[in-house]
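K.L.:
Sequence and computational prediction follow.
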Amino acid sequence: MRLSAFVRMRLITHNMLTSHVKGVKNGYPLVIKAEDIKEQETDFNPDFISRMITRIEWPALTKAMEMIGHTDQLPEEVPKDYETNNDFLKQAHHALMEIEVITGSLTCPESGREFPIANGIPNMLLNEDEV
Amino acid sequence: NMSKNRPESRAPPDIFYDQKEAQKYTSNSRMIDIQTEMSERAIELLNLPEDTPCMLLDVGCGSGLSGECLTEQGHIWIGMDISSAMLDVAREREVEGDVVLSDAGQGVSFRPGTFDGVISISALQWLCNADKKYHNPVKRLYKFFSTLYAAMKHGSRAVFQQLYPESPQQLELITTQAIRSGFGGGVVVDFPNSTKAKKIFLCLFCGVASPTLPKALGTEEEAKKKRQIKYVKEREQRGSDKRNKSIKKSRDWIIEKKERRKRQGKEVSINTKYTGRKRKPRF
Ligand SMILES: C[S@@+](CC[C@H](N)C(=O)[O-])C[C@H]1O[C@@H](n2cnc3c(N)ncnc32)[C@H](O)[C@@H]1O
């Protein structure tokens, strides 16, 4: 099978995804295990990033970076002036849009259910008894 | 019965959309054109803020034809689909969005308030089937709509295309569960009087009380009238919007095109009451 670098799970998607296994109250954030990670430059769109900041769970993003072995790259907290702070927006852009998990898994923090990631595609399909 | 010929009545989506079917989405130009045209219209109906890159969800993103339209308009998107063969094609096409293998009937597993808008092209009708013994369409639709509602920003819209006009029961099944999940909104019918060009879009509003909730469809006549009123309203609104573009191949679209050609100094035929009408086949 041909592998393209384009379909992947970026950290922005991880930041939005939750576990929806039956009975789980707080399936967030999913624990990342990454076997294969890529970094790929994408166009920096400060408007988009700054719009997204209020929607992003920042602690989950810094934790995700840690889990995949990128430490010391992000500030602990979103700076007050984030809308105009270009350096910060660039850092956030890199973390959210340019780091991609190709192979690995996502684990529900509550139930321990593992969702595999293969070829950059997380498999979130549930079994009959998990719905 | 026409429904026998529809793909949804033949096999579950993850089986129907196998490699062979998925390949059509890269090779069949008619298929691509249709998907693209419907996607563009759906995006238009989302009424997104101008010049603002948005975060969107594509339900049943498949090979990513609809997603590519979102990318073209400067948006970021996440796609979900139940068929891994279709997602493989998305990968081959090198789409820009991230995609997730998941079943809409099991719910949308994204955090509250994530999306500025949602589109779904030719996918929703699949949820009306009971493909597995334990499938209950009502429950699956409710699960889908209620979790979708939660994942959307208040004030945003979800636009679903291709609900078969011939099946009012299906439309009612869908809208009932959407309303139960908190959505308001209604049906927009493009070209209601043309069998070929007729397109139905279900426009759902999240967190917006709408006075025109689509109730159960009455008689066919009444339903037709209702749809037409909505259609006319919609056209009036669209007529006043900035871009002022008409639906492709419509009478207005043809007249506009003629105007453009005239301005360019080209020869055009005069407009008559037949302009933009479907011609009868000749033998
Ligand atoms: C006609 S295709 C549309 C493809 C896509 N919109 C495009 O433009 O390429 C319908 C898609 O809906 C997907 N689908 C059907 N049932 C689904 C479900 N329950 N959950 C998620 N996707 C589903 C199918 O796998 C298929 O890819």
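P.N.:
Noted; the coordinates are in hand. The structure displayed is predicted, hence computed values, not measured ones.
K.L.:
Look up phi and psi at residue A:56.
P.N.:
phi -80, psi 140 (degrees, to the nearest 10).
K.L.:
count of residues packed around residue 64?
P.N.:
No chain specified, so I'll use chain A. By other CB atoms under 10 Å in any protein chain shown, the residues close to residue A:64 number 24. C-beta here means a position set from N, CA and C on the backbone, and glycine is covered the same way.
K.L.:
not what I meant, chain B
P.N.:
By other CB under 10 Å, neighbour count at residue B:64 equals 31.
K.L.:
now do the one 4 residues further on
P.N.:
Applying other CB under 10 Å, we find 21 other residues in the vicinity of residue B:68.
K.L.:
so who does it touch?
P.N.:
B:36, B:93, B:95, B:96 (CB atoms under 8 Å, 6 or more residues apart in numbering or on different chains).
K.L.:
Can you check those and name whichever has the most neighbours?
P.N.:
residue B:95 (26 neighbours).
K.L.:
Quick check: closest non-adjacent residue to that residue.
P.N.:
residue B:64 (3.6 Å; CB to CB, 6 or more residues apart in numbering or on different chains).
K.L.:
measure that neighbour to residue A:45 for me?
P.N.:
According to CB to CB, to the nearest Å, residue B:64 and residue A:45 sit 20 Å apart.
K.L.:
Spell out which residues of the stretch 101-250 of chain B are next to chain A.
P.N.:
Where the stretch 101-250 of chain B comes near chain A, counting by CB under 8 Å from any CB of the partner chain, the residues are B:101-103, B:106-111, B:113-114, B:132, B:134, B:143, B:147.
K.L.:
how about the strands in chain A?
P.N.:
A:9-10, A:31-39, A:99-107, A:114-118, A:121-122 (DSSP state E).
K.L.:
Residue 35: how many residues sit nearby?
P.N.:
Let's take chain A. 10.
K.L.:
Sorry, I should have been clearer: chain B.
P.N.:
23.
K.L.:
Using neighbour counts, pick out the buried residues of whichever strand or helix holds it.
P.N.:
Assigned by DSSP states H and E, residue B:35 belongs to helix B:29-46. The neighbour-count check on helix B:29-46 (16 or more other CB atoms under 10 Å in any protein chain shown) flags B:32, B:34-46 as buried.
K.L.:
tell me the mean pLDDT for it?
P.N.:
Mean per-residue pLDDT for helix B:29-46: 90.
K.L.:
and if you look at stretch A:91-107?
P.N.:
Mean predicted confidence for stretch A:91-107 is 95.
K.L.:
how long is that stretch end to end?
P.N.:
Length of stretch A:91-107, first residue to last, CA to CA, to the nearest Å: 26 Å.
K.L.:
And stretch A:61-80, by the same measure?
P.N.:
First residue to last in stretch A:61-80 (CA to CA) measures 17 Å.
K.L.:
Can you name the residues in contact with that stretch?
P.N.:
A:11, A:14-15, A:29, A:31-34, A:37, A:53, A:58, A:85, A:88, A:91-92, A:94-96, A:99, A:101.
K.L.:
OK, contacts around the nearest residue to residue B:13 once chain neighbours are set aside?
P.N.:
Leaving aside its sequence neighbours, residue B:13 sits nearest to residue B:126 (CB to CB, 6+ apart; 4.8 Å). Neighbour list for residue B:126: B:8, B:13, B:60, B:82 [criterion: CB under 8 Å, 6+ apart].
K.L.:
for residue B:35, same thing?
P.N.:
B:25, B:65, B:66, B:121, B:122.
K.L.:
who wins for neighbours among these?
P.N.:
residue B:66 (30 neighbours).
K.L.:
measure it to residue A:77 for me?
P.N.:
37 Å.
K.L.:
what's near enough to touch residue B:36?
P.N.:
For residue B:36, counting by CB under 8 Å, 6+ apart, the contacting residues are B:65, B:66, B:68, B:69.
K.L.:
I'd say the last one and residue B:43 touch.
P.N.:
Yes. Look at residue B:69 against residue B:43 with CB atoms under 8 Å: they come within range, at 6.1 Å.
K.L.:
can you give me the helices in the stretch 101-250 of chain B?
P.N.:
Remark: helices assigned in the stretch 101-250 of chain B by DSSP state H, counting those that start in this stretch are B:137-151, B:168-180, B:220-240.
K.L.:
Which of the ones you listed comes out lowest on mean pLDDT?
P.N.:
Among the helices of the stretch 101-250 of chain B, helix B:220-240 scores lowest, at a mean of 55.
K.L.:
The residue of chain A found nearest the ligand and chain B: what is the separation?
P.N.:
For chain A and the ligand, the shortest gap (CB to the nearest ligand atom) falls at residue A:125, measuring 9.4 Å. Applying CB to the nearest CB, to the nearest Å, the value for residue A:125 to chain B is 6 Å.
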